[in-house]
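J.: quick one: sequence plus predicted model below, questions after.
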Amino acid sequence: MSPASPAVGLSLPIRAVGRDSDGTTQDLSAAAVWSSSAPAVATVDGGLVLGLALGTTTLTAETGGFSASFELPVMPPVVTAIEIGPLRHTGDVRGSAPG
């Protein structure tokens, strides 16, 4: 499996790779049944692991009688955008204009 560390609210691709007896590998991600030991922290759906809450979970992929697991930390939320614009005054402006 390919471990990743998503931040809360973000998703990252995840995959399970099988190794045959001759050493060749194949992507088993679509065939794998995924589970999370802490589904409130992270879940896997459609090849993506989604970070839901800060913490750690163990993700497991099972297919063809084999399974593999790893611990996945979910990181704190990160800034994904920034906006700028004019400052808006919301209070009452009092005083006199320079003259």
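T.: Yep, it's here.
J.: where do the helices sit along the chain?
T.: Applying DSSP state H to the chain gives no helices.
J.: and Pro76, how many neighbours?
T.: 8 (other C-beta atoms under 10 Å). Heads up, the C-betas are built off the backbone N, CA and C, glycines and all.
J.: number of nearby residues for the closest residue to it other than its chain neighbours?
T.: Take Pro76 and drop its neighbours on the chain: the residue closest to it by C-beta to C-beta, 6 or more residues apart in numbering is Leu54, 5.8 Å away. Number of residues near Leu54 (other C-beta under 10 Å) recorded here: 13.
J.: any stretches of the chain with poor pLDDT?
T.: 1-4, 89, 91-99 (pLDDT under 70).
J.: which stretches of it form strands?
T.: Per DSSP state E, the chain carries strands over the ranges 11-13, 17-19, 25-27, 33-36, 42-45, 48-51, 55-63, 66-74.
J.: relative to Ser5, which of those is closest?
T.: Minimum separation from Ser5 across the strands of the chain (C-beta to C-beta) falls at strand 66-74, 5.3 Å.
J.: quick one: closest of the strands of the chain to Leu87.
T.: strand 48-51 (33.6 Å).
J.: what's across from the nearest residue to Val74 once chain neighbours are set aside in the sheet?
T.: Once flanking residues are discounted, Val74 sits nearest to Gly51: 4.0 Å by C-beta to C-beta, 6+ apart. Following DSSP bridges, Gly51 is listed with bridge partners Ala42.
J.: ditto for Ala68
T.: Counting by DSSP bridges, Ala68 forms beta bridges with Ala61.
J.: picking that back up, tell me how many other residues surround the residue nearest to Val74.
T.: For Gly51, using other C-beta under 10 Å, the count is 25.
J.: right, and it touches Ser36 too?
T.: No: using C-beta atoms under 8 Å, Gly51 is not in contact with Ser36, being 10.9 Å away.
J.: stretch 14-30: end-to-end distance?
T.: End-to-end span of stretch 14-30 (C-alpha to C-alpha, to the nearest Å): 10 Å.
J.: and stretch 49-61, by the same measure?
T.: With C-alpha to C-alpha as the measure, the first residue of stretch 49-61 is 12 Å from its last.
J.: all set, thanks.
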